[in-house]
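>>> no sequence for this one, just the structure:
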């Protein structure tokens, strides 16, 4: 790891089929969510030159399968510490199988957890899970924010996530594709509601409100396979930010993510 970089990060997978992110500091190697099989996450880590046996911990955002599918197997095989809030533990315990008591840790919403040389700030989001929370990582006056799986972003939440060096921001669906698509109306209502997912437009408007001069990278996350296209999500974010006077491609860059392929390891 470069002495100049505070964090090294790869979005291993992002989408409705599975989510996992790798973040490394000089002292800690952490997964946020493990929503694919242990085998698939191992191969995604290998794409960026990393191994599961070197991990220290898994942070869990919420109990939906696309975020916890591989948590149990990885925790058991590699003796990893797992962190989630109490309500999430109650909701996911029976879904991930046996995890040793000493590996289970509570990380409550609105608190800051220090692991080695990194401070991790948790914040609640608006999603149809027991107590969904996401994270902002802080070290050496640099920070990285993960915000997916929320139907709504309050002013208070915007304050919590404002001014990070890099973001993984939800761009779940294109509104017209969702409205015209094959999903049953009840599922469309769930996605469009305050406890669903941010659309391309909503994610772009949140970014316009929270990015500052320090922001260098925006990754578009949790794209729906059925109701979105990378090109649409990217164009919406780019055009929205340009309309509001931001220097896309100059002050910062916008990047796509993939449900099946790890993003290149990047440093902040």
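Thanks, I have the structure now. As the structure is a prediction and not an experimental result, all values here were calculated from the model.

>>> Can you show me the helices along the stretch 51-200 of the chain?
Taking DSSP state H, counting those that start in this stretch as the criterion, the stretch 51-200 of the chain carries its helices at 65-68, 71-78, 86-96, 155-161, 175-180, 185-192, 200-210.

>>> Would you reformat those as JSON lines and include mean pLDDT?
Formatted as JSON lines, those follow (pLDDT from 0 to 100):
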{"stretch": "helix 65-68", "mean pLDDT": "98"}
{"stretch": "helix 71-78", "mean pLDDT": "98"}
{"stretch": "helix 86-96", "mean pLDDT": "98"}
{"stretch": "helix 155-161", "mean pLDDT": "98"}
{"stretch": "helix 175-180", "mean pLDDT": "96"}
{"stretch": "helix 185-192", "mean pLDDT": "94"}
{"stretch": "helix 200-210", "mean pLDDT": "98"}
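
>>> Spatially central residue for the protein, please.
residue 146 (4.2 Å; C-alpha atoms, centre = their mean).

>>> Could you report the neighbour count for residue 110?
11 (other C-beta atoms under 10 Å). Quick note: C-beta positions are derived from backbone N, CA and C, even for glycine.

>>> tell me the contacts of it?
Listed by C-beta atoms under 8 Å, 6 or more residues apart in numbering, the contact partners of residue 110 are 122, 123, 124.

>>> re the thing from before, tabulate the helices of the stretch 51-200 of the chain (JSON lines), appending distance to residue 104 and mean neighbour count.
Below are the helices of the stretch 51-200 of the chain laid out as JSON lines (distance: least, C-beta to C-beta, whole Å; neighbours: other C-beta atoms under 10 Å):
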{"stretch": "helix 65-68", "distance to residue 104": "13", "mean neighbour count": "20"}
{"stretch": "helix 71-78", "distance to residue 104": "9", "mean neighbour count": "20"}
{"stretch": "helix 86-96", "distance to residue 104": "7", "mean neighbour count": "17"}
{"stretch": "helix 155-161", "distance to residue 104": "26", "mean neighbour count": "14"}
{"stretch": "helix 175-180", "distance to residue 104": "37", "mean neighbour count": "14"}
{"stretch": "helix 185-192", "distance to residue 104": "30", "mean neighbour count": "13"}
{"stretch": "helix 200-210", "distance to residue 104": "33", "mean neighbour count": "21"}
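
>>> Among those, which comes closest to residue 43?
Among these, the nearest to residue 43 by C-beta to C-beta is helix 71-78 (12.8 Å).

>>> Quick one: list the elements packing against the closest one.
Counting contacts by 3 or more C-beta pairs under 8 Å, 6 or more residues apart in numbering; DSSP states H and E, helix 71-78 is packed against helix 38-47, strand 57-59, strand 81-84, helix 86-96.

>>> before we move on, the earlier item: by neighbours, which of the contacts of residue 110 wins?
residue 122 (21 neighbours).

>>> ok, now which ones touch it?
85, 107, 108, 109, 110, 111, 112, 113, 133, 134, 135.

>>> what's the distance between the nearest residue to the third one once chain neighbours are set aside and residue 131?
Meaning residue 108. Excluding its sequence neighbours, the residue lying closest to residue 108 (C-beta to C-beta, 6 or more residues apart in numbering) is residue 85, at 5.0 Å. According to C-beta to C-beta, to the nearest Å, residue 85 and residue 131 sit 5 Å apart.
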